[in-house]
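> Give me a model of this one.
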Amino acid sequence: MYRVGIDIGSTYTKYCVMNECREIIELYSEKTPIRQQEYFEKKLEDLTDKYGAVKIVSCGYGRKNIESVKKINELTALAIGSHFVCPETGTVLDIGGQDTKIIRQQDGRLKEFFLNDKCAAGSGMFFANICSLLGIDALSLNLAPAKEPEIKLSSVCAVFAQSEIVELLAENVSGEVIVRSVLWQILTKAKVLLDKIEVEKIFLSGGLAYIKGFAEYAQLVLGKNCIVNDKSMYLSAIGAALYCFKRC
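Predicted coordinates for the structure are as follows:
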């Protein structure tokens, strides 16, 4: 029987399929649908057609909208998944679509966590909206070499920051400079959370981790050794799949 972890986030839904040996067979993501219950009913049929018998654990904002043997907290899944992928690092910084969070785990068990204040300016959704406004594909960016942006946003509120960005565009400030400024602001807000704990090395999770040079850029802002890899976006989905073996 295959185990499937599904992390239904506010922006993207991530999938992890594992075999009986706890080997990852498939990782993929797709835009989170609007009519979730209808969509995931069909998705379950597709997974069954492809893999036969499957056992599913869901997490994330939309975890209640899919039929699964267990619905778990995203923080729990993140702790399990990060230990599996990067066991040498016990601290994870996850910049999600709606919030930023830091977790500390030990042997896959959640020890403590910190969440931002739900401010949009500290979330991945804010970054995605700005990229859309500028007509920039985030994954085409290259933040290397890491350096402070030429301009830093003065507003800490997403609404006022967007107005500030419109003014910068009117002054012919380049989109790349603006994007670097937005990422600097997001990471600066994350640093407030990180300053609550003593840690030298952190594992970066979320879609922003796939931007070229992001780890080095984050390291410059946060003053910590930052690590990313090709599974950074899927930690919670991986954790949910592993939960199937442990508890279900």
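> Where does residue 26 sit, in terms of helix or strand?
In this assignment (DSSP states H and E), residue 26 forms part of strand 24-31.
> and if you look at residue 3?
strand 2-8.
> so how far is the strand holding residue 26 off the chain centroid?
Strand 24-31 has its C-alpha centroid displaced from the chain centroid by 14 Å (CA atoms, centre = their mean, to the nearest Å).
> which secondary structure elements does the next helix or strand after it contact?
On the C-terminal side of strand 24-31, the closest following helix or strand by DSSP H and E is helix 36-51. Helices and strands touching helix 36-51, by 3 or more CB pairs under 8 Å, 6 or more residues apart in numbering; DSSP states H and E, are strand 2-8, strand 54-59. The C-beta positions use only the backbone N, C-alpha and C, and glycine is treated the same way.
> repeat that with 10 Å
If you count contacts as 3 or more CB pairs under 10 Å, 6 or more residues apart in numbering; DSSP states H and E, helix 36-51 packs onto strand 2-8, strand 12-18, strand 24-31, strand 54-59.
> Next up, the contacts around residue 113.
For residue 113, the contacting residues are 73, 75-76, 78-79, 92, 94, 101-105, 193, by CB atoms under 10 Å, 6 or more residues apart in numbering.
> ok, now residue 112?
Counted by CB under 10 Å, 6+ apart, residue 112 has contacts 75, 91, 102-106, 196-197.
> can you give me phi and psi for it?
Backbone geometry at residue 112, expressed as degrees, to the nearest 10, gives phi -160, psi 160.
> and it, what are its bridge partners?
Counting by DSSP bridges, residue 112 forms beta bridges with residue 104.
> now it: how far from residue 96?
To residue 96, residue 112 is 18 Å away according to CB to CB, to the nearest Å.
> Which residues are in contact with the spatially most central residue of the chain?
With distances taken as CA atoms, centre = their mean, residue 206 lies nearest the centre of the chain, 2.1 Å away. By CB under 10 Å, 6+ apart, residue 206 lies in contact with 9, 11-12, 92-97, 100-101, 123-124, 214, 228, 232-233, 235-236.
> the helices in this structure, which residues?
Assigned by DSSP state H, the helices in the chain fall at 36-51, 74-85, 124-134, 158-170, 175-194, 214-222, 235-247.
> helices and strands of the protein: which one bottoms out on pLDDT?
Ranking every helix and strand in the chain by mean pLDDT, DSSP states H and E puts helix 158-170 at the bottom, with a mean of 80.
> what angle separates it from helix 175-194?
If you take axes from the mean of the first three to the mean of the last three CA atoms, to 10 degrees, helix 158-170 sits at 150 degrees to helix 175-194.
> in helix 158-170, what counts as buried?
Going by neighbour count (16 or more other CB atoms under 10 Å), the buried part of helix 158-170 is 158, 161-162, 164-165, 168.
> So which elements touch it?
Where contact means 3+ CB pairs under 10 Å, 6+ apart, helix 158-170 is packed against helix 124-134, helix 175-194.
> so how far is residue 151 from the residue lying farthest from the centre of the chain?
Each residue of the chain has a distance to the centre, and by CA atoms, centre = their mean the biggest one is for residue 171: 32.5 Å. For residue 171, the distance to residue 151 (CB to CB) stands at 10 Å.
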